[in-house]
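Novice: Starting from these lines, generate the structure:
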Amino acid sequence: MNIQTKIILASALSVVLAGSGVIALGANSKALAAPESEQTTTTAPTQDKPAKPKPRQGEAGKPGGPRVNGQNPPPPNRDGIDCPEQGQGEGAPPSSSAGSPPSNGEATSGITNPSTYSVVISGGLTTDPQDKGRPVVLIAAALGVPTEVFRTAFSGVTPSGLDSQPSHELAQRNKAALLKVLGPYGITNERLDEVSNFYRYNGNRTATWHKTSATATAIVTDGVVTGVTITNPGAGYSSTPTVSITGPTGTITAKALVTYTQDFKTNGSITSITLD
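Specialist: Modelled structure (predicted):
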């Protein structure tokens, strides 16, 4: 190859290198890099830091975790052990303490069981001394006359004695004396016999006339007796009985009201009980 041909090829190579950003000074010259303004400085490689782990979805104190009162709660403890309280944060409901009774949403009523209180109704079989043990108040009420009217009628009667029955003649005289006073009040012989037999006096006092014992229960509120409920008014009480209410806090008394009627079932019955 001649010298002229080499010069032409060298010129062509210079043009190509210049177009690609590298200038050739000659066939034996080294190629220069890009201009200084475009060069990058290479530093010694540094040790890569470990990548920060991505937060778990919903972890407290981190993006995506639960928010309490518009703020993220404190992050979990750094030892990696989850605490039972983790995630409650401020404003969260406190956990139940051990041993606390569960709440059922109802306040304690405070009503003491009435069955622990007993109501005892005693007595009520007393008679007026002038009646010699006869339940005159019951007999007069059953006949429909005042008590004093029957006492006046009975004043003409001759008793046969405590342990003996009157003879037929004595019984007739006594009945005549009674009807003499009671007849004007509409009392018949049949009604007189019916009432006298029902309330017949027992001189030996081993038994009384027909009667039915009354019963009642206590009304207790907040451990205090506030009243008495009559469950059976009874019948045949010739006087006011004694009412005692006994419970865990002691014994109290009450007053009974006895009503007299012409009906054997309600004559001498208790119609009300009032606390003393």
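Novice: all helices for the chain, in order.
Specialist: Remark: helices assigned in the chain by DSSP state H are 3-19, 136-143, 147-154, 168-182, 189-198.
Novice: Just send those helices back as JSON lines, with distance to Asn267 too.
Specialist: In short, each C-beta sits where N, CA and C put it, glycine included. Conversion of those to JSON lines gives the following (distance: least, Cβ to Cβ, whole Å):
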{"stretch": "helix 3-19", "distance to Asn267": "141"}
{"stretch": "helix 136-143", "distance to Asn267": "5"}
{"stretch": "helix 147-154", "distance to Asn267": "13"}
{"stretch": "helix 168-182", "distance to Asn267": "17"}
{"stretch": "helix 189-198", "distance to Asn267": "9"}
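Novice: Pick the most buried one from the ones you listed.
Specialist: Neighbour counts averaged per stretch over the helices of the chain are highest for helix 136-143, at a mean of 23; criterion: mean count of other Cβ atoms under 10 Å.
Novice: which residues touch that one?
Specialist: Contact partners of helix 136-143, identified using Cβ atoms under 8 Å, 6 or more residues apart in numbering, comprise 127-128, 146-147, 149-151, 154, 182, 185, 187, 191-192, 195-196, 198-199, 209, 236, 238-239, 260-262, 264, 267-268.
Novice: Please apply the same query to stretch 207-214.
Specialist: By Cβ under 8 Å, 6+ apart, stretch 207-214 touches 121, 125, 135, 138, 198-202, 230, 232-237, 241, 256, 264, 268-270.
Novice: Please look at Ala254 and Ile230 and confirm they touch.
Specialist: No: the pair Ala254 and Ile230 fails to qualify as a contact (Cβ atoms under 8 Å) at a distance of 10.8 Å.
Novice: Mutual contacts of those two, please.
Specialist: With Cβ under 8 Å, 6+ apart applied, the overlap between the contact sets of Ala254 and Ile230 consists of Ile273.
Novice: related to what we said a few turns ago, of the helices of the chain, which is nearest Ser115?
Specialist: When the helices of the chain are ranked by distance to Ser115, counting by Cβ to Cβ, first place goes to helix 136-143 at 33.6 Å.
Novice: any low-confidence regions in the stretch 1-150 of the chain?
Specialist: Within the stretch 1-150 of the chain, the set of residues satisfying pLDDT under 70 comprises 1-114.
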